[in-house]
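>>> Below are the sequence and a predicted model for it; my questions follow.
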Amino acid sequence: MKKVILSVAVVMAIGLTSCKNETKQEKESTETKTEVSKDMAMADISFGVRGNCGMCKKTIEKAANKVEGVANATWDVDKKKIDVSFDDAKTDEMAIHNAIAASGYDTEKVSGNEEAYSNLPGCCKYEHDMVMNQSGDKNEEDHSDHDH
Ligand SMILES: [Cu+2]
């Protein structure tokens, strides 16, 4: 009889412990999931975009920001490079390249729309052989598209 009571107590104890553990684990995994999906949804990329001046910067950033899902776009006039944060559930890298190209500017992957280019102010008519993405680090440049 003692044995039975003991085993019942053991079973109950195990049941209680495992129940507690489950609750804890569930909570943890939910938290992890949320974090992961956040990371996956927001992507940060940078790529080369040709341009000359502050007006170019405005046009390029405006074009990138117009793409739905883009949270932030910053073009660097010295490096000829843009940093973009976007929700990759809403858009993708090529949509951003295309939007910038449509505004008349060359990106690493898409040539600027010629008509838009011809309508740019004189100071913004950048050279088409301008070196883009002047980070000074070729390796980083080569893999910048695959980090995320
Ligand atoms: Cu300009």
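That came in fine, so what should we check first? Residues are numbered from 1 along each chain as shown.
>>> count of neighbours near Val70?
With neighbours defined by other CB atoms under 10 Å, the count for Val70 comes to 20. C-beta here means a position set from N, CA and C on the backbone, and glycine is covered the same way.
>>> cool, and Gly122?
Gly122: 6 neighbours (other CB under 10 Å).
>>> and if you look at Lys81?
Lys81: 21 neighbours (other CB under 10 Å).
>>> show me where pLDDT drops low in this protein?
Scanning the chain with the threshold set as pLDDT under 70 gives 1-40, 135-148.
>>> Flag every residue of it that's near the ion.
Asn52, Cys53, Met55, Cys56, Cys124 (CB under 5 Å from the ion).
>>> check contacts around the nearest residue to the second one once chain neighbours are set aside.
The spatial neighbour of Cys53 that comes closest, neighbours along the chain excluded (CB to CB, 6 or more residues apart in numbering), is Cys123 at 5.7 Å. Contacts of Cys123 were listed using CB atoms under 8 Å, 6 or more residues apart in numbering, and they are Asn52, Cys53, Met55.
>>> are any of the residues of the chain next to the ion buried, and which?
Taking 16 or more other CB atoms under 10 Å as the criterion, what is buried in the residues of the chain next to the ion is Asn52, Cys56, Cys124.
>>> Report the contact partners of the second one.
Taking CB under 8 Å, 6+ apart as the criterion, Cys56 is in contact with Trp75, Val77, Tyr105, Leu120, Cys124, Tyr126.
>>> Turn these into JSON lines, including distance to Ile60 and secondary structure.
Shown next, in JSON lines, are these (distance: CB to CB, whole Å; DSSP: H, G, I helix; E, B strand; the rest coil):
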{"residue": "Trp75", "distance to Ile60": "5", "secondary structure": "strand"}
{"residue": "Val77", "distance to Ile60": "10", "secondary structure": "coil"}
{"residue": "Tyr105", "distance to Ile60": "5", "secondary structure": "coil"}
{"residue": "Leu120", "distance to Ile60": "11", "secondary structure": "coil"}
{"residue": "Cys124", "distance to Ile60": "10", "secondary structure": "helix"}
{"residue": "Tyr126", "distance to Ile60": "11", "secondary structure": "coil"}
